[in-house]
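*Asks:* what's the 3D shape of this:
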Amino acid sequence: MSTTPPNASKNNNRLLPLIFLSVICGLMAGVAGEIVTRVYFLKDFSVPYFNNEVNLADLNSNRSNLIIRDAKKVVVSQDVKVSETIASIRPALVGIFKEVTSVEKTATSSEYYKLDEPMLVGLAVTADGWIAVSVPDDLKKGLNIKNYVAITSDRKVYKLDQVAGFNNLPGNLLFLHLASASNLAVKKIVLRSDISLGQSVLAINDFSNVLFTSLSSFKKTSPVLSSDSLNARFTLAGDMSDEYRNSFVFNLAGDLVAVIGANKEIIPAFSYNAYWQSFFKKGVASQPFLGVNYFDLSSTKVLDLSIEKGAWLHVSETAPAIVKNSPAELAGLKEGDVITWVNNQELNSSNDLADIISAYNHGDMITLTYQRAGVEKEVSLKLGEKK
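*Replies:* Prediction:
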């Protein structure tokens, strides 16, 4: 028969407070460590234990991945974001009005412009006065810019003094110049790589009508594409009413996504890059010219080819694979070649040949990587100017 020494019981009683104190200190250290991690590393100043609401607007680049498990309440103030986006877009919009001529003023008549009912709405392209306007066909035929004025969101009235030399741009797009304009707000064009199906967008056709919708599809105009045409088209979710013809589409960051033409064709804004850039860099209208027709292998299966991406140079119903006297012909490209890279950009489902070429200016040097009969080749050439 054994008995417990009296001193052992006393020692156990003395250890209990120490164990309890160690557990409390461990918990406090854990909480302090989490606070330090959130504040100094994640830049998260929320109180996670006392708030079941998650404000998506507060998320930052350090917390780009949001996982919600058994969330009791998630609040998204989308209407606030849309309102903020509209407010950021309006300074870049320009109303086009038929000029009011002098009239005999009486007690019931005066000269005025109804600012929320412009004939057309333009978008500032450069700070020094160039604007893009989608113009209906019936108005474009007899357009005399001397009969119109432009009014910006800050109520400044400008005469129109120039029309850019582009003809037959998809979307009925014209470029007009506001005389003596400066410091216009300019919106950024969304790159192809930053566009995804399903993303929310706003279609705006004047200062009072806005359609909140999303991108529902992305397609090409025909099977055989031209390196020098705007081939890409979007569609929007739901039915779009006729009042949104000749308008602009923006993402929720306020950047330009697309232009809607008179026939309700939706042309991606990145397709117009060459035109925008020609104004920014040279102040004149120009378009780059490569001179090939092709199948996009990312969206076409050719039985005799094992290559799954690139531009397969091929004849169309109306044009040869290689345009005569074009930069492509002068560089030695031939029908059946598959262009796989333009400079450091690979041709794939996100990078179409025409889209890439549209980002350059005429006179730019580019290097094409291509395959001919299974052999990879490379050639450098200077882009021409499309007439």
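*Asks:* report the beta-bridge partners for the closest residue to residue 351 other than its chain neighbours.
*Replies:* Nearest residue to residue 351 in three dimensions, chain neighbours excluded: residue 345, at 5.4 Å (Cβ to Cβ, 6 or more residues apart in numbering). To be clear about C-beta, it is placed using only N, CA and C from the backbone, and glycine gets the same treatment. Counting by DSSP bridges, residue 345 is bridged to residue 342.
*Asks:* can you check residue 248 too?
*Replies:* Bridge pairing for residue 248 - DSSP bridges - gives residue 204, residue 259.
*Asks:* how many neighbours does it have?
*Replies:* Applying other Cβ atoms under 10 Å, we find 26 residues neighbouring residue 248.
*Asks:* now residue 112
*Replies:* Neighbours of residue 112 using other Cβ under 10 Å come to 7.
*Asks:* can we start the residue count at 6 from this point?
*Replies:* Sounds good: first residue 6 from here, last item residue 117.
*Asks:* mind listing what it touches?
*Replies:* Counting by Cβ atoms under 8 Å, 6 or more residues apart in numbering, residue 117 touches residue 105.
*Asks:* so where do the strands sit in the stretch 106-255 of the chain?
*Replies:* 125-129, 135-139, 153-157, 162-168, 178-183, 205-209, 215-225, 229-231, 237-241, 252-256 (DSSP state E, counting those that start in this stretch).
*Asks:* of all these, which one is nearest residue 88?
*Replies:* strand 215-225 (9.8 Å; Cβ to Cβ).
*Asks:* the closest one: which residues count as buried?
*Replies:* For strand 215-225, a neighbour-count test (16 or more other Cβ atoms under 10 Å) marks 215-216, 218, 220, 223 as buried.
*Asks:* pLDDT score assigned to residue 24?
*Replies:* Predicted confidence (pLDDT) for residue 24: 74.
*Asks:* confirm that it sits in a strand.
*Replies:* No - read with DSSP: H, G, I helix; E, B strand; the rest coil, residue 24 is helix and lies in no strand.
*Asks:* and it, how many neighbours?
*Replies:* Residue 24 has 9 nearby residues by other Cβ under 10 Å.
*Asks:* distance of it relative to residue 30?
*Replies:* 11 Å (Cβ to Cβ, to the nearest Å).
*Asks:* ok, now residue 195?
*Replies:* Noted for residue 195: a distance of 53 Å to residue 30, by Cβ to Cβ.
*Asks:* one more: residue 131?
*Replies:* 64 Å.
*Asks:* show me which of the two is the more surrounded one.
*Replies:* residue 131 (17 against 10).
*Asks:* where does the prediction get shaky in the stretch 256-392 of the chain?
*Replies:* Across the stretch 256-392 of the chain, the ranges flagged by pLDDT under 70 are 284-290.
*Asks:* go with 50
*Replies:* Counting by pLDDT under 50, not a single residue of the stretch 256-392 of the chain qualifies.
*Asks:* what segments of it are helices?
*Replies:* 278-287, 332-335, 358-362 (DSSP state H, counting those that start in this stretch).
*Asks:* adding pLDDT and distance to residue 385, write the buried residues of strand 215-225 out as JSON lines.
*Replies:* Putting those into JSON lines (pLDDT from 0 to 100; distance: Cβ to Cβ, whole Å) gives the following:
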{"residue": "215", "pLDDT": "89", "distance to residue 385": "46"}
{"residue": "216", "pLDDT": "90", "distance to residue 385": "45"}
{"residue": "218", "pLDDT": "92", "distance to residue 385": "43"}
{"residue": "220", "pLDDT": "93", "distance to residue 385": "36"}
{"residue": "223", "pLDDT": "84", "distance to residue 385": "31"}
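*Asks:* of the residues you listed, just say which sits nearest to residue 39.
*Replies:* residue 220 (39.8 Å).
*Asks:* can you verify my assumption that that closest one contacts residue 199?
*Replies:* No - contact criterion Cβ atoms under 8 Å: residue 220 and residue 199 do not qualify, at 11.8 Å.
*Asks:* center of this protein, which residue is that?
*Replies:* residue 195 (2.0 Å; Cα atoms, centre = their mean).
*Asks:* got the contact list for that residue?
*Replies:* 256, 260-262, 274-275.
*Asks:* most neighbours among these, which one?
*Replies:* residue 274 (26 neighbours).
*Asks:* what separates it from residue 211, distance-wise?
*Replies:* 19 Å.
*Asks:* repeat that for residue 367.
*Replies:* 35 Å.
*Asks:* do the same with residue 163
*Replies:* For residue 163 relative to residue 211 (Cβ to Cβ), the value is 18 Å.
*Asks:* could you do residue 346 as well?
*Replies:* From residue 346 to residue 211 the distance is 43 Å (Cβ to Cβ).
*Asks:* can you check residue 100 too?
*Replies:* Residue 100 is 7 Å from residue 211, by Cβ to Cβ.
*Asks:* more neighbours, these two?
*Replies:* residue 100 (22 against 19).
*Asks:* bridged to that one, which residues?
*Replies:* residue 126, residue 156.
*Asks:* what sits against it?
*Replies:* 118, 120, 123, 125-127, 155-157, 211-212.
*Asks:* how about a cut-off of 7 Å?
*Replies:* 120, 123, 126, 155-156, 212 (Cβ atoms under 7 Å, 6 or more residues apart in numbering).
*Asks:* so which of the residues you listed is the most crowded?
*Replies:* Counting by other Cβ under 10 Å, top hit in the contacts of residue 100: residue 155 with 25 neighbours.
*Asks:* got the contact list for residue 90?
*Replies:* Residue 90 makes contact with 207, 255, 257, 259 under the criterion Cβ under 7 Å, 6+ apart.
*Asks:* list just the nearest of the residues you listed to residue 188.
*Replies:* residue 259 (17.7 Å).
*Asks:* residue 190 and residue 390: what is the separation?
*Replies:* Distance from residue 190 to residue 390, by Cβ to Cβ: 30 Å.
*Asks:* those two: who's more crowded?
*Replies:* Applying other Cβ under 10 Å to residue 190 and residue 390 shows that residue 190 carries more neighbours, namely 18 against 12.
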